[in-house]
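# Any chance you can model this:
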Amino acid sequence: MTAVKEIQYQGEMHLLQKELMAKYYAEATAIAGGNGKKCAHLLIAGNPVELLRAFDVLPIYPEVNVLQIAVRHGSLPLIQKAEELGYAGDNCAYVKADIGLFHSGYSTPFAQIPKPDVLVCNYVGCNVYLNWFEHLAEMVDAPAMNIDIPFIRSADGEPSAADLTYVVKQLEELIVLLEKVTGKSLDWAKLTKIVERSARTGELWAQIKDMTKARPAPYDAYFDSVTMMAPLYCLRGTEDGLRFFEVAHREMKAQMEKAKGPLPEERFRIVIEGPPPWPKLRVFRDMFSRWGAVAVASTYSTVGGLWEFGFRHDPAHPLESIARHMLSANVCNRNFLQRYEQMERYVKEWEADAIVIHSVKSCRLFSAGQGDMREHFVRDLDVPTLLIESDIEDPRYFSEAQLRNRIDAFFEALEQRRVTAGKTLQGVASGSATGVVGVGS
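This is a model prediction of the structure:
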């Protein structure tokens, strides 16, 4: 195994992301200081952020706040604070970190988080969301709205006309609530322009996601995607957000045209399922980069929107397209067979060698059924698949030695299969000489 140099982030895209996210959090801090502007707390997975932006309401994402804290190694005291208050050990670690953050005065190393003027929760397959925001509403004494998003039930993954109408009616109720909170009427022309920017942003993001079909992939679609996901969610619909993706698209296209990837050598192309372990993100990445493994696609990068398969916001029908995004254009509201189909497309169209499933200890939405998922890809499709487990937020569930041993064993087996077969892993049957096609946790 060839040693891989430490990855450096010095591109224009990374510098602009830092600048724009610092600006975003400076605005949040100003609201917390009482500048008179309004903010809302909402969730990443399939949300109506365009409506909030039309009312000049700043979207604040508790998930983004606590993952930023986790990356800075500050999540455990917040989690322990929530557990002292009675939150269960197996509850969602995002929830516990956010509750702990509230009881710590919403103070972070990067911003003072403002208390919300309104809470907007949408149900996308996770009932923990509902309980989380009910607790927040009680603590901050702010109006809250739960938007009920029906689960996608059709075979083609598209929402029914009735479901679309049902969600649009709820968005109309949200408009009434936002008008009451802000004292403004909805400016439909402004909403249309915001939705248009979201559509253009989604198109650029889809093109960027498509670039990893190249060999070598110009960036890692799991570890590098997180750099782009923050502007995609926090800044979507804004001029800053669109500018970021224009820069990112230009930079990634240049990388692709120079046949330059994130590692000195791309030896394995993988698809990763599940969110990252934020407290140990760099350590986790190094476990793969040392093998020359690059993620060419990931389900986590679609947690807030599934643009690469064709969805676009429609400024001619703003509410309907926002509703469609909430219903079907995000991985969290798709059933398991549709998640299988999504990953199968990644393996085939992005020409991946293997799948890595990162099962999250405290997230039932992502992790339930992942054992069956592994069996499906190993036994039914002959795709080498590794299943490992840690957590998105709680460092107590990250066992570095155990994870490194499993990942090393998996890639050693893949390398040996490649040598003994005398060809690439693509199309190799799972019953080869090594016999190791799945490594369970």
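# Tell me where the stretch 101-250 of the chain has helices.
Assigned by DSSP state H, counting those that start in this stretch, the stretch 101-250 of the chain shows helices spanning 127-140, 161-182, 188-210, 225-234, 239-257.
# Mean neighbour count, those: which tops it?
helix 225-234 (a mean of 22; mean count of other C-beta atoms under 10 Å). In short, each C-beta sits where N, CA and C put it, glycine included.
# roughly how far out does it sit from the chain middle?
Its chain's average C-alpha position is 8 Å from that of helix 225-234, according to C-alpha atoms, centre = their mean, to the nearest Å.
# picking that back up, for the helices of the stretch 101-250 of the chain, could you give me a markdown table that also reports mean pLDDT?
Listed next are those as a markdown table, based on pLDDT from 0 to 100:
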| stretch | mean pLDDT |
| --- | --- |
| helix 127-140 | 91 |
| helix 161-182 | 97 |
| helix 188-210 | 98 |
| helix 225-234 | 94 |
| helix 239-257 | 97 |
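# how about the ones you listed in a markdown table, adding distance to Ser321?
Below are the helices of the stretch 101-250 of the chain laid out as a markdown table (distance: least, C-beta to C-beta, whole Å):
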| stretch | distance to Ser321 |
| --- | --- |
| helix 127-140 | 22 |
| helix 161-182 | 10 |
| helix 188-210 | 7 |
| helix 225-234 | 16 |
| helix 239-257 | 17 |
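# can you pull out the strands in this protein?
Secondary structure of the chain, counting by DSSP state E: strands at 39-42, 58-60, 118-123, 144-148, 268-273, 293-298, 354-360, 385-390, 438-439.
# Lowest mean pLDDT across those, which one is that?
For the strands of the chain, the weakest mean pLDDT is recorded on strand 438-439, namely a mean of 41.
# So Trp307 versus Gly125, what's the distance?
19 Å (C-beta to C-beta, to the nearest Å).
# and the gap between Phe411 and Arg404?
According to C-beta to C-beta, Phe411 and Arg404 sit 11 Å apart.
# between these two, which one's more packed in?
Each of Phe411 and Arg404 has its neighbours counted (other C-beta atoms under 10 Å); Phe411 has more, 24 against 15.
# Surely that one and Ser289 touch.
No - Phe411 is beyond contact range of Ser289, at 11.2 Å (criterion: C-beta atoms under 8 Å).
# quick revisit: show me which of Trp307 and Gly125 is the more surrounded one.
Comparing Trp307 with Gly125 by other C-beta under 10 Å, the one with more neighbours is Trp307, at 26 against 20.
# Not counting its neighbours along the chain, what's nearest Pro276?
Phe284 (6.4 Å; C-beta to C-beta, 6 or more residues apart in numbering).
# Based on its surroundings, how many neighbours for that neighbour?
Neighbour tally, Phe284, other C-beta under 10 Å: 23.
# Could you do Gly261 as well?
With other C-beta under 10 Å as criterion, Gly261 counts 20.
# Dihedrals phi and psi, it?
Per-residue torsions, Gly261: phi -110, psi -180 (degrees, to the nearest 10).
# which residue sits closest to it, ignoring its sequence neighbours?
Using C-beta to C-beta, 6+ apart, the nearest residue to Gly261 is Pro216, at 3.2 Å.
# what about that neighbour, neighbour count?
Summarising burial for Pro216: neighbours were counted as other C-beta under 10 Å, giving 21.
# Tell me the pLDDT of it.
98.
# now Gly440
pLDDT for Gly440: 36.
# Ala368 too?
pLDDT, Ala368: 83.
# what about it, how many neighbours?
Neighbours of Ala368 using other C-beta under 10 Å come to 13.
# can you tell me how far the spatially closest residue to Met228 that is not a sequence neighbour sits from Val356?
Counting by C-beta to C-beta, 6+ apart, Met228 lies nearest to Ala248, which is 5.7 Å off, once chain neighbours are set aside. Noted for Ala248: a distance of 24 Å to Val356, by C-beta to C-beta.
# Check Arg364 too.
20 Å.
# Who has more neighbours out of those two?
Using other C-beta under 10 Å, the more surrounded residue of Arg364 and Val356 is Val356, with 24 against 16.
# residues touching that one, list them.
Val356 sits next to Ile270, Val271, Ile272, Glu273, Phe288, Ala295, Thr385, Leu386, Ile388, Phe410 when contact means C-beta atoms under 8 Å, 6 or more residues apart in numbering.
# buried subset of these?
For those, a neighbour count by 16 or more other C-beta atoms under 10 Å gives the buried set as Ile270, Val271, Ile272, Glu273, Phe288, Ala295, Thr385, Leu386, Ile388, Phe410.
# Report the beta-bridge partners for the third one.
Right, Ile272. Under DSSP bridges, the beta-bridge partners of Ile272 are Ser298, Val356.
# Burial check on Val418, number of neighbours?
One correction, residue 418 is Arg, not Val. 17.
# Likewise for Ala155?
10.
# Tell me the pLDDT of it.
We have a pLDDT of 78 for Ala155.
# And for Glu158?
For Glu158, pLDDT reads 86.
# isn't it right up against Ser328?
Yes - using C-beta under 8 Å as the test, Glu158 is close enough to Ser328 to be in contact (6.0 Å).
# Spit out the residues that contact these two alike.
Common contacts of Glu158 and Ser328 (C-beta under 8 Å, 6+ apart): Ile152.
# Of those two, which one has the most company?
A direct count of neighbours by other C-beta under 10 Å for Glu158 and Ser328 places Ser328 higher, at 22 against 13.
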